[in-house]
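Novice: please work out how this folds:
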Amino acid sequence: MPYATSSKRLAPRTSRTSTLPKHLQPMLASLTDAPFDDPGWVFEDKYDGFRMIAEIRKGKVALYSRNGKIISRSYIEVAKALEGVKGDAVIDGELVAIGKDGVSHFQLLQNALRHEAKLLYCAFDLMFENAADLRKQPLLERKKRLKAILPRDKLIAFSPHRKGDGKKFFAEAERKGLEGVMAKRAESAYSSGSRTPDWLKIKTAKRQEVVIAGFTAPRRTRPFFGALVLAVREDDTWRYIGHVGTGFSHKVLEDLHAKLVKLTSAKSAKSPFSTRVKDEANTTWVRPSLVAEVKFAEWTSKGELRQPVYLGLRSDKRAKDVVRERELARK
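Specialist: Numbering: from 1, shown residues only. Just a heads-up that it's a prediction; the model follows:
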């Protein structure tokens, strides 16, 4: 069994980069444009955090980010709480930071490591249990078994679901200010490392992962920088998708500027784009490696973001994997 060979991965507890073996890679959802009702589907909250795989063996826990980083030491309290899982397991879930309104907010994860936000691991799938590979089992069977093994702990939550009534569930998510909902085919298998139409994400607002390619000079009273130059990968090149100049607190401006300055070098002194973009004369180019997330109004006809707002950095995805997210039409 694949899981039976994975015990060696529990030893390291560092934050070094690692490549997850295929059987530990998370299943990915496709973006779709509208909620729907279907008795063959279940609907869950779309949590506003980042993906985290938890591997538990003989009471020891290893936590992995989506891009394979071992992050157990960064979230020791969550790892300790997961030591209470009954038996050995590999669990898929989302690490979130809960605000005073009781809702998860991606921005708050920036403060979580400074203990300024309440962390919660929302578990929603079970890939392995003891020696059994459950990935070919139906989703609802996996969720039933997951709920039975989770410990009662303030840092751990089971992700509940609703069957069939997707439009009402989506309307409730909008009222609560949630990021959106997840739609999953009730009988779907777990496809490690794949993006399939069996899992769909329906967002209440448009969001996009972006790569920071540069920053412009400060303007008026704003310190550090004026705006960020944004890019995504397209056919193995960098495509310009706009500037973002809102959504920054003073602390974020300061911290982000310090990170960006470290990415400037002679090699990154010129634009990574094949065509000119606005405000190049006032732009400092950086090595395109920092991944961020923005919300925005819409895509323009030129393929640029309209009215983007900065939400925060993402450490769970590699820059070269960031592409424009396109909606999948549901048949």
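Novice: that's a strand at Glu174, yeah?
Specialist: No: under the criterion used here (DSSP: H, G, I helix; E, B strand; the rest coil), Glu174 is helix, not part of a strand.
Novice: report how many residues lie close to the closest residue to it other than its chain neighbours.
Specialist: Counting by CB to CB, 6 or more residues apart in numbering, the nearest residue to Glu174 once its immediate chain neighbours are dropped is Thr204, at 4.9 Å. Placement of C-beta: from N, CA and C, glycine included. Thr204 sits with 18 neighbouring residues when counted by other CB atoms under 10 Å.
Novice: same question, Leu290
Specialist: Applying other CB under 10 Å, we find 20 residues neighbouring Leu290.
Novice: can you give me phi and psi for it?
Specialist: The phi/psi pair for Leu290 (degrees, to the nearest 10) reads phi -80, psi 130.
Novice: circling back to that earlier point, doesn't Gly180 make contact with the residue nearest to Glu174?
Specialist: Yes: contact status for Thr204 versus Gly180: in contact at 5.0 Å, counting by CB atoms under 8 Å.
Novice: residue nearest the centroid of the chain?
Specialist: Compute the mean C-alpha point of the chain, and by CA atoms, centre = their mean the closest residue is Phe50, 3.6 Å away.
Novice: contacting residues around that residue?
Specialist: Listed by CB atoms under 8 Å, 6 or more residues apart in numbering, the contact set of Phe50 reads 65-66, 94-95, 106, 109, 314-316.
Novice: do a quick rundown of the helices in the stretch 1-150 of the chain.
Specialist: 76-82, 109-112, 139-149 (DSSP state H, counting those that start in this stretch).
Novice: just so I know, which of these lies nearest Phe124?
Specialist: Between Phe124 and these, the tightest spacing by CB to CB is seen for helix 139-149, at 7.3 Å.
Novice: can you spell out which helices and strands pack onto that closest one?
Specialist: Contacts of helix 139-149 with other secondary structure elements, assessed using 3 or more CB pairs under 8 Å, 6 or more residues apart in numbering; DSSP states H and E, are made with strand 118-129.
Novice: what helices and strands are in contact with the strand it packs on?
Specialist: If you count contacts as 3+ CB pairs under 8 Å, 6+ apart, strand 118-129 packs onto strand 50-57, helix 76-82, strand 89-98, helix 139-149, strand 156-158.
Novice: out of the helices of the stretch 1-150 of the chain, the one nearest His243 is which?
Specialist: Taking CB to CB, helix 109-112 is the member of the helices of the stretch 1-150 of the chain nearest to His243, at 20.9 Å.
Novice: domain map for this protein?
Specialist: Structurally, the chain divides into domains by automatic domain parsing as follows: 3-203, 207-321.
Novice: tabulate those domains (CSV), appending distance to Leu328 and mean pLDDT.
Specialist: Formatted as CSV, those follow (distance: least, CB to CB, whole Å; pLDDT from 0 to 100):
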stretch, distance to Leu328, mean pLDDT
domain 3-203, 4, 87
domain 207-321, 15, 93
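Novice: how about those, which one is nearest Glu327?
Specialist: domain 3-203 (4.5 Å).
Novice: how distant is the closest one from the center of its chain?
Specialist: Between the mean C-alpha location of domain 3-203 and the chain-wide mean there is a distance of 11 Å, by CA atoms, centre = their mean, to the nearest Å.
Novice: run through the strands of the stretch 101-250 of the chain in chain order.
Specialist: Remark: strands of the stretch 101-250 of the chain, listed N- to C-terminal, are 118-129, 132-133, 156-158, 162-163, 180-185, 195-203, 206-216, 228-234, 237-244; assignment by DSSP state E, counting those that start in this stretch.
Novice: now tabulate those in JSON lines and tack on distance to Val261 and mean neighbour count.
Specialist: Conversion of the strands of the stretch 101-250 of the chain to JSON lines gives the following (distance: least, CB to CB, whole Å; neighbours: other CB atoms under 10 Å):
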{"stretch": "strand 118-129", "distance to Val261": "30", "mean neighbour count": "22"}
{"stretch": "strand 132-133", "distance to Val261": "47", "mean neighbour count": "16"}
{"stretch": "strand 156-158", "distance to Val261": "39", "mean neighbour count": "18"}
{"stretch": "strand 162-163", "distance to Val261": "47", "mean neighbour count": "14"}
{"stretch": "strand 180-185", "distance to Val261": "35", "mean neighbour count": "22"}
{"stretch": "strand 195-203", "distance to Val261": "33", "mean neighbour count": "19"}
{"stretch": "strand 206-216", "distance to Val261": "9", "mean neighbour count": "24"}
{"stretch": "strand 228-234", "distance to Val261": "13", "mean neighbour count": "23"}
{"stretch": "strand 237-244", "distance to Val261": "18", "mean neighbour count": "21"}
